[in-house]
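Asks: I need the structure of the sequence given here:
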Amino acid sequence: MRINFYSPVFIGIFLFFLVGSITFYKVINYEKISSFPNTISNENEENLTLSLGDVLDHNTEENCWTKINNGIYNITSYIPIHPGGRQNILRACGIDATEIFNTKGGSGTHSLFAHSLLFRFLIGYTNGTIGVIANSSKEILLNDTILNTPMCISNNNLAGHSSSSDCWLIINNKVYDVTSYIPIHPGGQQKIISSCGKDATLRFNTKDGIGNTHSAYARSLFDYYFIGNICQKIQPPLIATILQPLNGQQFPSGTSSVDLNVSTNEASICLWSFTDQSFSAMNNILGSASFDTFHSTNVGGISDGNSYNLYVGCKEAKQIEMISSVSVSFSIQSASNQSVASGNALTAEIIALHNIQSDCWLIINNKVYDVTSYIPIHPGGQQKIISSCGKDATITFQTQGGQGSHSSNAWNLLNGFYIGNLGQQQTNPSSTNSSQNIPTISEAILAQYPDAVITEINEENNGKVEVHFTSQGETMSAKLDANHNIIEVED
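Replies: Numbering: from 1, shown residues only. Below you'll find the model as predicted:
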């Protein structure tokens with residue numbers, strides 16, 4: 001017997017079962033919905049004003065709040081029975097979902113019945129203004145734009161979602177939670193599971209190597225599973241640091257060249273100039289033409305009685321070009337001033353001539369010290385030393401500026417800056433650090449370890465010096481020869 005599908009009887013039977021099924025579905029769901037207690041009563045309405053900040057912390061499937069218009073709703077219990085699917089509600093957790101709800105996720109509008117359901121999940125109201133998280137330790141202003149901005153997900157975070165029961169993956173730098181899609185994937189579950197916790201861009205774009213791209217419909221599903229963008233690594237800025245000469249350093253007369261040493265935090269090529277401050281205008285290569293993090297050259301063409309500015313520009317080696325520019329100033333003592341400083345006795349009048357930050361001598365217990373190079377690294381601040389330049393600093397040093405007394409290590413440090421006794425004749429000017437192009441002990445250490453903090457200096461009978469210091473959290477010691485060249489380092 002042939003069944004006529006177009007007969008009135010068959011159509012009637014079909015409609016009967018269709019209406020019955022729909023009615024049964026609505027009854028079942030209405031019973032579930034009606035079992036939810038009202039979460040707010042009218043008499044408490046005015047006392048339950050919440051902010052967008054309150055919503056932000058409730059952004060998971062187990063604890064889901066959302067803001068729709070001026071109401072805040074706890075929709076956690078509704079997630080499992082939402083007719084539009086669990087994922088569509090999860091998109092609204094922890095944000096202002098007014099637009100999502102009013103446009104039905106961009107597919108239309110919700111029914112009057114759906115609007116009436118909202119009241120059952122209402123927990124408070126907001127006046128719609130910018131909200132503040134109620135936590136004094138993180139007083140962060142939040143607005144609709146911030147709340148609706150997709151979160152940034154790191155690769156480490158992604159790797160923790162690598163199973164069939166918790167599957168996140170990357171496609172074109174966007175992260176998707178496709179856990180609920182695995183059972184219904186037309187190409188089979190394993191095709192997705194093998195990409196969980198990974199970047200699946202190539203596999204998706206080539207349909208797992210078949211060569212065909214996925215359909216427009218497949219791509220349209222992205223919005224339902226999108227949870228955030230992959231965090232982009234921020235390229236640190238290029239930083240160039242001039243190690244030598246020190247800024248404001250004064251060299252003795254007769255100096256015809258100085259060493260220029262520069263370090264960079266990224267492999268770079270560096271150029272230098274006396275006059276040009278723009279990298280594009282510089283034409284002197286600092287060190288070699290290869291990319292490196294340490295750059296050194298000897299700068300000539302300098303003469304007595306003059307001051308100089310050195311400009312340095314460095315360009316990093318990576319595809320995204322970054323340039324860092326720095327400068328340093330130094331001077332060469334004139335021959336006449338040199339004779340005054342070194343040919344006469346170390347009198348108070350001579351010490352008084354060295355009374356500025358770039359040329360600082362002082363007296364402690366009738367001994368004369370050139371502490372110019374120590375000023376930038378003085379733990380108590382530069383001004384504490386600068387105010388004593390050219391003066392007798394005995395009481396200031398002994399009382400630590402009126403605050404106590406210096407440690408034994410501080411007293412030991414003085415040895416590295418000693419140039420003679422008060423009243424002593426300088427019959428051999430070349431014997432002091434200030435009249436010869438020999439770095440001080442601190443200059444020698446800082447040239448190799450820019451972050452060093454010197455803790456102790458011990459001079460040996462053979463002219464060598466042992467220096468204890470810390471660098472990058474490590475305790476170290478170095479031995480220097482009579483010319484303050486580092487000959488041995490131990491950690």
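Asks: Helices along the stretch 101-250 of the chain, start to end?
Replies: All helices of the stretch 101-250 of the chain, identified by DSSP state H, counting those that start in this stretch, fall at 112-118, 144-147, 155-159, 189-193, 201-205, 216-220, 222-225.
Asks: ok now the fifth one, how far from the chain's centre?
Replies: Meaning helix 201-205. Offset of helix 201-205 from its chain centre (CA atoms, centre = their mean, to the nearest Å): 32 Å.
Asks: Same check on the last one?
Replies: The offset between the C-alpha centroid of helix 222-225 and the centroid of the whole chain comes to 31 Å, using CA atoms, centre = their mean.
Asks: can you list contacts of it?
Replies: Around helix 222-225, the neighbours that count as contacts under CB atoms under 8 Å, 6 or more residues apart in numbering are 85, 87-88, 91, 105-106, 171, 174, 176-178, 180-181. (Glycine included, C-beta is placed from N, CA and C.)
Asks: Glu460: which of the helices of the stretch 101-250 of the chain is closest?
Replies: With distances scored as CB to CB, the stretch of the helices of the stretch 101-250 of the chain nearest to Glu460 is helix 155-159 (51.5 Å).
Asks: Can you list the buried residues in the closest one?
Replies: Within helix 155-159, the residues scored as buried using 16 or more other CB atoms under 10 Å are Asn157, Leu158.
Asks: May I have that helix as CSV, with CA atoms only?
Replies: C-alpha atoms of helix 155-159 as CSV (Å, rounded to 0.1, in the frame of the first residue of the first chain):
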residue,chain,number,x,y,z
ASN,A,155,50.5,30.3,25.1
ASN,A,156,51.2,28.8,28.5
ASN,A,157,47.5,29.3,29.4
LEU,A,158,46.5,27.7,26.2
ALA,A,159,48.6,24.6,26.7
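Asks: And for that helix, what's in contact with it?
Replies: By CB under 8 Å, 6+ apart, helix 155-159 touches Trp168, Leu169, Ile170, Val175, Gly197, Lys198, Ile230, Cys231.
Asks: max-length strand in this structure?
Replies: Longest strand in the chain, counting residues (DSSP state E): strand 258-273.
Asks: Summarise which helices and strands the helix or strand following that one is packed against.
Replies: Going down the chain from strand 258-273, the next helix or strand is strand 284-286, by DSSP states H and E. Judged by 3 or more CB pairs under 8 Å, 6 or more residues apart in numbering; DSSP states H and E, strand 284-286 is in contact with strand 258-273, strand 292-299.
Asks: Could you dump the ones you listed into a markdown table with mean neighbour count and distance to Tyr225 added?
Replies: A markdown table is the format used below for the helices and strands packed on strand 284-286 (neighbours: other CB atoms under 10 Å; distance: least, CB to CB, whole Å):
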| stretch | mean neighbour count | distance to Tyr225 |
| --- | --- | --- |
| strand 258-273 | 21 | 38 |
| strand 292-299 | 16 | 44 |
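Asks: Per the annotation, how does the protein divide into domains?
Replies: For the chain, the domain assignment from automatic domain parsing gives the residue ranges 1-35, 36-147, 151-230, 240-332, 343-490.
Asks: Tabulate these (TSV), appending mean pLDDT.
Replies: Below are the domains of the chain laid out as TSV (pLDDT from 0 to 100):
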stretch	mean pLDDT
domain 1-35	52
domain 36-147	68
domain 151-230	84
domain 240-332	84
domain 343-490	79
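Asks: re earlier: Ile356: which of the helices of the stretch 101-250 of the chain is closest?
Replies: Closest among the helices of the stretch 101-250 of the chain, using CB to CB: helix 144-147, at 51.5 Å.
Asks: Thr440 versus Ile375, what's the distance?
Replies: 12 Å (CB to CB, to the nearest Å).
Asks: just checking, Tyr78 is part of a helix?
Replies: Yes: the assignment for Tyr78 (DSSP: H, G, I helix; E, B strand; the rest coil) places it in a helix.
Asks: burial count for the closest residue to it other than its chain neighbours?
Replies: Distances taken as CB to CB, 6 or more residues apart in numbering place Phe121 nearest to Tyr78, at 6.4 Å, with adjacent residues excluded. By other CB atoms under 10 Å, 23 other residues sit near Phe121.
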